[in-house]
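Engineer: Model the following, please.
(chains A, B, C and D)
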Number of protein chains: 2
Amino acid sequence: MISLKRKAYDIIKENIVTCRYAPGDFLNEAQLMEEIGTSRTPIREALSKLEQERFVRIVSKKGVMVSELTLKEIGDVYQVRLMLEPQIVRQWGASIPIEGLEDCRKRLLNYCPEMDMRQRNELDDCLHRLIIDSCPNIYFQQWMTHIYCQNQRIRVISGQLDQLMEENNESHLRIAERLLISDYQGAADLLYSHLEQSKEKTFSCLLKIGAP
Amino acid sequence: MISLKRKAYDIIKENIVTCRYAPGDFLNEAQLMEEIGTSRTPIREALSKLEQERFVRIVSKKGVMVSELTLKEIGDVYQVRLMLEPQIVRQWGASIPIEGLEDCRKRLLNYCPEMDMRQRNELDDCLHRLIIDSCPNIYFQQWMTHIYCQNQRIRVISGQLDQLMEENNESHLRIAERLLISDYQGAADLLYSHLEQSKEKTFSCLLKIGAP
DNA sequence: TGAGCTGTTCTTGTATACATCATCTGTCCC
DNA sequence: GGGACAGATGATGTATACAAGAACAGCTCA
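Structural biologist: The predicted model follows:
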């Protein structure tokens, strides 16, 4: 049986990650109780968990704010990815399942612009997902999973899903092909420059729309 | 005003980190209520936070277990440190405050075997603490702080504080001296081998006492 | 004697009542 | 008319009552 706490956590997190609850929004427990259909206790436990993951900020006696995505925060996310993802590929690339890579490659080739946001998100994540799932270190797994949730928010507010899908797909495809021929160093290098480009483009998108 | 939730969290975490609540121990909320002097609510919130940090495991309708320190877990901790600490030194070594390094150096030179556990722990952490505090990335800061808490548990159960202080101090001293002359690459290299040695010794200690 | 059932007990899960504090608003006094 | 104080309001913080489930002990029956 799934606990109400877990249910509340999942729902709220989903809403934050998809920016239905936008960065800077104020939530309150009463409204969430209504929306999720539980008492305050599970809501509070969920919020407490989300606070620790830096998705919300609970301000005593005032309310709950969805964390803002500042340029600093986004820079930190990219810094983490640049530092860890290529290393993970170098170190554990060999344990990425071939069938996973093949599947990912197929999906990337089948991209069409009519896909909805959810499908685009999934496609954009599928390679990175494969990579971190291959990492046996429990800490890296947990941390990178969290970083990807933040990354999804970044994609949404920067409008990447509308503009950069083709370029991203192409980079992902090239990386996947390297991995398929077991060239992990090459894949790591490609991944690094892909991330740098992605960071660049994201920041230029954000500056255009005037992020904090 | 400090909240009871925070107070409960701090006390329980301190007890876990110092192994007063040993790995594998079962806690329960009633006992913690007594010990901390609050109702269940703050206790539960604290435990929920600690669960997310992997310090305890809450088993529905059964109880709360202090996380075990398996060899796998300890290996993961060292893997994280080996991957991140030298990189942090290379990248942000220049922002470590000189006076902090001088102070740390002085304290390392003043080590005497009569120090109690708390003082030893602090001494053993002071250089690493300086390093991660110099890192401006909020994620690395948070993660490494957490890793150090785990590390403290590892030190306690492996008996390092009794056996390896002199060797550790010497390594730390050499690293600090590199940092003081701004040789960040050299410091990173020393740090890496220090960590490898430390890992080696920890595992041999653990195998002797028969860790899970 | 042993296996299985049953009731008690002890655990966490959830709901809710009350406490506390910050903020806003309206009124009163100057 | 404007500023200060008081009370209302609404948020989270905390305590507690009740629900639900798991484990265990003890009893019964074969």
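Engineer: I'd like the distance between the most centrally placed residue in chain A and residue A:81.
Structural biologist: In chain A, the C-alpha nearest the mean C-alpha coordinate belongs to residue A:148, at 2.4 Å (Cα atoms, centre = their mean). Residue A:148 sits 9 Å away from residue A:81, taking Cβ to Cβ, to the nearest Å as the criterion. Any C-beta I mention is one placed from the backbone N, CA and C, and that applies to glycine too.
Engineer: Could you do residue A:9 as well?
Structural biologist: Residue A:9 sits 24 Å away from residue A:81 when distances are taken as Cβ to Cβ.
Engineer: now do residue A:37
Structural biologist: Separation of residue A:37 from residue A:81 (Cβ to Cβ) stands at 37 Å.
Engineer: who has more neighbours, those two?
Structural biologist: Set residue A:37 next to residue A:81 and count neighbours by other Cβ atoms under 10 Å in any protein chain shown: residue A:81 wins out with 22 against 12.
Engineer: Contacts only, for that one.
Structural biologist: Applying Cβ atoms under 8 Å, 6 or more residues apart in numbering or on different chains, we find residue A:81 in contact with A:147, A:151, A:195.
Engineer: can you list these in CSV and add secondary structure?
Structural biologist: Listed next are the contacts of residue A:81 as CSV, based on DSSP: H, G, I helix; E, B strand; the rest coil:
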residue, secondary structure
A:147, helix
A:151, helix
A:195, helix
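Engineer: What is the neighbour count of residue A:108?
Structural biologist: Residue A:108 has 20 neighbouring residues, counting by other Cβ under 10 Å.
Engineer: so where's chain A shaky on pLDDT?
Structural biologist: Along chain A, the parts satisfying pLDDT under 70 run over A:211.
Engineer: For the residue in it sticking out farthest from the centre, give me the backbone phi and psi.
Structural biologist: Centroid-distance maximum for chain A: residue A:61 at 30.6 Å, with Cα atoms, centre = their mean. Residue A:61 adopts backbone torsions of phi 60, psi 10, taken as degrees, to the nearest 10.
Engineer: how far away is it from DNA strand D?
Structural biologist: Between residue A:61 and DNA strand D the distance is 5 Å, computed by Cβ to the nearest atom of the strand, to the nearest Å.
Engineer: Could you report the distance from that residue to DNA strand C?
Structural biologist: The spacing between residue A:61 and DNA strand C, counted by Cβ to the nearest atom of the strand, is 4 Å.
Engineer: thinking again about what came up before, ok, the residue nearest to the centre of chain A - contacts?
Structural biologist: Per Cβ under 8 Å, 6+ apart, neighbours of residue A:148: A:125, A:128, A:129, A:132.
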